[in-house]
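**Student:** what's the 3D shape of this:
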Amino acid sequence: MPGGPCVILANRRNHPSPSVADSPPSPGPQRSLRHVDKRGFLQKLAEFIHPGPDSKDELIETLAEAEDNDIINAESRVMLEGVIRIADMTAGDVMVAAPRMDVLDIHAPYDELLRIVISTAHSRFPVYDGERDNIIGILLAKDLLKLQRAPELNLRALLRPATFVPETKGLNDLLRQFRGNRNHLAIVIDEFGRVAGLITIEDVLEEIVGEIEDEFDVAEDEGDIFALADNTWRVSGDTPIERINESFGLQLADDAFDTIGGLIAHTLGHMPKRGEAHDLEGLNFVVLHTKGGAVKWFKVMPRAAEA
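**Tutor:** Residues are numbered from 1 along each chain as shown. Sure thing, here's the model as predicted:
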C-alpha cells in the first residue's frame, strides 16, 4: 500500500519502544525450558555413585535390597516383582492347557453336568458341542440350578458368550480386558485357530500377588480328607502318608516323605501341575489345585472308577 512503510517508521519514531520493565512477559517459546533440579547435593552424589537400574533384572535386585533394608516388606516386594514380570508374559505362559480343561458337553444329561460341577468345584465352565475344540459358550455353575427348578429350560439359553484370545496376548492387556468386560474367563487360541487352553483373571492376578485363597483353602482344623458326592475324595497335599494309609488301607512307605504331595512330586520327578494324574496302589490322584509349587488338593478315586 503506498506510504505504508513510511507511516510505520514515523509511528516508531514518534512512539519509542517501551522499556524492558514495561514490556509484557515473553511469549512461551522464548521461555527457558531447563528443568529446575531440586535435588540436594548429597542426593545427587548418591545417585552418581549408585546409578539406577538399567534392566528389569537389576530393578528386581534393587527391590530385594529394599526389602533387606526394611524399606518395603516382603509382600510388597513380591507384588512389585509380579507387576514387573507380567509385562513380558503372555496368555500362553499362564493358561491351563486344553487337555487339562474341565469342560461340559452341551448334550450331557443334567446329572452328569452336576457331577462334574460338584467334583471340580469351579464357578465357570466352557461348554462344547461335538468336539472339545468347538466351544459354544460359558456356563456359570450357579446357572445350572435353574435347570433343576425348570427342567424344560434349554441349556443353550443359559450360556454366556465365550471370550477368545490368542496365545500371544500380553497379560497386561488381558487383565485390562477382564476388568473392562467383567468376564473372568477366556479361551486361548493357538496360531492355527485351535483351542490351546483357558485362562482366568485369577490366573493373571496370582502372577502378581501369589496364590489366591479360594474354595479349596480351608482351615487346618477342618480336616484334610473330604468325601465327595460321587464316591471320590478331596485330599490335601500336605496330608501325612500315615493318615493316607489309615484312611484308604494302603501300604505306602512313610520313611522318606512325610506327605502325600511330597511323595507324588518325587515319583513324577517334577512339581505337579493342575490336571496331572498319578496312580498309587489302585487309587488315582488327580491334581486339583497347586500353591507355591506344591499340591494343595488332590481328587482321589479308585482306578477302576476312573477307567
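
**Student:** quick one: contacts for E67?
**Tutor:** Counting by CB atoms under 8 Å, 6 or more residues apart in numbering, E67 touches 73-74, 76-77. Using the backbone N, CA and C atoms, a C-beta is placed for each residue, glycine as well.

**Student:** Take those and write them to JSON lines, including pLDDT and distance to R115.
**Tutor:** Formatted as JSON lines, these follow (pLDDT from 0 to 100; distance: CB to CB, whole Å):
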{"residue": "N73", "pLDDT": "80", "distance to R115": "44"}
{"residue": "A74", "pLDDT": "74", "distance to R115": "42"}
{"residue": "S76", "pLDDT": "79", "distance to R115": "43"}
{"residue": "R77", "pLDDT": "76", "distance to R115": "43"}
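
**Student:** Run through this protein and note the low-pLDDT ranges.
**Tutor:** Flagging of the chain using pLDDT under 70 yields the residue ranges 1-54, 210-223, 228-230, 291-293, 304-307.

**Student:** So which residues of it form helices?
**Tutor:** Ranges of helices within the chain are 4-14, 41-49, 56-68, 74-85, 91-94, 110-120, 144-149, 171-181, 201-209, 241-248, 260-268, 303-306, based on DSSP state H.

**Student:** filter the contacts of E67 to the buried ones?
**Tutor:** R77 (16 or more other CB atoms under 10 Å).

**Student:** wait, H289 sits on W297?
**Tutor:** Yes - if you go by CB atoms under 8 Å, H289 and W297 touch, sitting 4.5 Å apart.

**Student:** Neighbour count for those two, which is higher?
**Tutor:** Ranked by neighbour count (other CB atoms under 10 Å), H289 and W297 place W297 first, with 26 against 19.

**Student:** Show the contacting residues for the more buried one.
**Tutor:** By CB under 8 Å, 6+ apart, W297 lies in contact with 216, 234-237, 287-289.

**Student:** among those residues, which ones are buried?
**Tutor:** Of these, these count as buried by 16+ other CB under 10 Å: 234-237, 287-289.

**Student:** Let me know the closest of those to E81.
**Tutor:** H289 (22.8 Å; CB to CB).

**Student:** Now, the contacts of W297 that are in strands?
**Tutor:** Counted as lying in strands by DSSP state E, out of those, are 234-236, 287-289.

**Student:** Quick check: end-to-end length of stretch 249-263?
**Tutor:** This stretch, stretch 249-263, spans 17 Å end to end (CA to CA, to the nearest Å).

**Student:** CSV for the contacts of W297, including distance to D203?
**Tutor:** Formatted as CSV, those follow (distance: CB to CB, whole Å):
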residue, distance to D203
F216, 15
R234, 21
V235, 23
S236, 22
G237, 19
V287, 15
L288, 15
H289, 12
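
**Student:** List just the nearest of those residues to T163.
**Tutor:** Closest to T163, out of all of the contacts of W297 and judged by CB to CB, is H289, at 23.3 Å.

**Student:** quick one: the closest one from L280, how far?
**Tutor:** For H289, the distance to L280 equals 19 Å [CB to CB, to the nearest Å].

**Student:** Just list the residues touching I135, thanks.
**Tutor:** Per CB under 8 Å, 6+ apart, neighbours of I135: 103, 126-128, 162, 164, 187, 195.

**Student:** and stretch 194-204, C-alpha only, in PDB?
**Tutor:** The C-alpha trace of stretch 194-204 is given here as PDB (Å, rounded to 0.1, in the frame of the first residue of the first chain):
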ATOM      1  CA  ARG A 194      -7.400 -74.400  17.800                       C
ATOM      2  CA  VAL A 195      -8.200 -74.300  21.500                       C
ATOM      3  CA  ALA A 196      -4.900 -74.200  23.300                       C
ATOM      4  CA  GLY A 197      -6.300 -73.800  26.800                       C
ATOM      5  CA  LEU A 198      -8.100 -71.300  29.100                       C
ATOM      6  CA  ILE A 199      -7.100 -68.500  31.400                       C
ATOM      7  CA  THR A 200      -8.900 -66.800  34.200                       C
ATOM      8  CA  ILE A 201      -8.500 -63.500  35.900                       C
ATOM      9  CA  GLU A 202      -7.300 -65.400  39.000                       C
ATOM     10  CA  ASP A 203      -4.500 -66.900  36.900                       C
ATOM     11  CA  VAL A 204      -3.300 -63.400  36.000                       C
END
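
**Student:** Give me the buried stretch members for it, please.
**Tutor:** Across stretch 194-204, burial judged by 16+ other CB under 10 Å covers 195-201, 203-204.

**Student:** quick one, domains of this structure?
**Tutor:** The record's domain parsing of the chain by automatic domain parsing lists 92-209, 220-306.

**Student:** coming back round to it: now the buried ones among the contacts of W297 in a markdown table, with distance to R176?
**Tutor:** Output for those, formatted as a markdown table (distance: CB to CB, whole Å):
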| residue | distance to R176 |
| --- | --- |
| R234 | 35 |
| V235 | 38 |
| S236 | 35 |
| G237 | 34 |
| V287 | 30 |
| L288 | 29 |
| H289 | 26 |
